[in-house]
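*Asks:* Test case, fold it:
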Amino acid sequence: MAGSLANVEAARVTAQVLDEESSAWLNRLGAAGAERLTGAFVNPDPVYLQSAGFVLDPGGNVVVSVYSSGAIGRLVPDDVVGLVRYRREHSAPATA
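*Replies:* Numbers count the residues shown, from 1 in each chain. Model (predicted):
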């Protein structure tokens, strides 16, 4: 099911050590702090965070979380698109 996050009005937000600002924030937080904050796995040697992904609903609540302890197990856009579509199709209608 190929799709686009834009097609389901969803946004992708990432925190990666690709720029100076993200790197500084993660360095201040530290691996142990990020682990406590997100539940992400920390590689012991060398110390670094493994991938963690979250899908939030419009209210900011976590709908799905995906944690990896190795090279596989990532949250991918097509899966998020499918989840968003499924939740919209199966949500209770709003009442006035």
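
*Asks:* quick one: the strands in this structure?
*Replies:* For the chain, applying DSSP state E gives strands covering 42-44, 47-49, 52-56, 62-67.

*Asks:* rank the ones you listed by pLDDT, which is bottom?
*Replies:* Sorting the strands of the chain by mean pLDDT places strand 47-49 lowest, at a mean of 79.

*Asks:* buried stuff in that one?
*Replies:* Residues of strand 47-49 classed as buried by neighbour count (16 or more other CB atoms under 10 Å): L49. Just so you know, the C-beta spots here come from the backbone N, C-alpha and C atoms, and that holds for glycine as well.

*Asks:* Of all the strands of the chain, which one comes closest to S4?
*Replies:* Among those, strand 52-56 comes nearest to S4, with 15.5 Å by CB to CB.

*Asks:* if I pick the nearest residue to L56 once chain neighbours are set aside, what's in contact with it?
*Replies:* Among residues not flanking L56 along the chain, V62 sits closest, at 6.0 Å (CB to CB, 6 or more residues apart in numbering). Applying CB atoms under 8 Å, 6 or more residues apart in numbering to V62 gives the contacts 54-56.

*Asks:* What subset of those residues is buried?
*Replies:* Among the contacts of V62, those classed as buried by 16+ other CB under 10 Å are V55.

*Asks:* what's the closest of the contacts of V62 to V84?
*Replies:* Among those, V55 lies closest to V84 (CB to CB), at 7.9 Å.

*Asks:* Tell me how far that closest one lies from V42.
*Replies:* Distance of V55 to V42, given as CB to CB, to the nearest Å: 22 Å.

*Asks:* Please apply the same query to S4.
*Replies:* Distance of S4 to V42, given as CB to CB: 33 Å.

*Asks:* got it, and L29?
*Replies:* 12 Å.

*Asks:* before we move on, what about N27?
*Replies:* Look at N27 and V42: by CB to CB, they are 14 Å apart.
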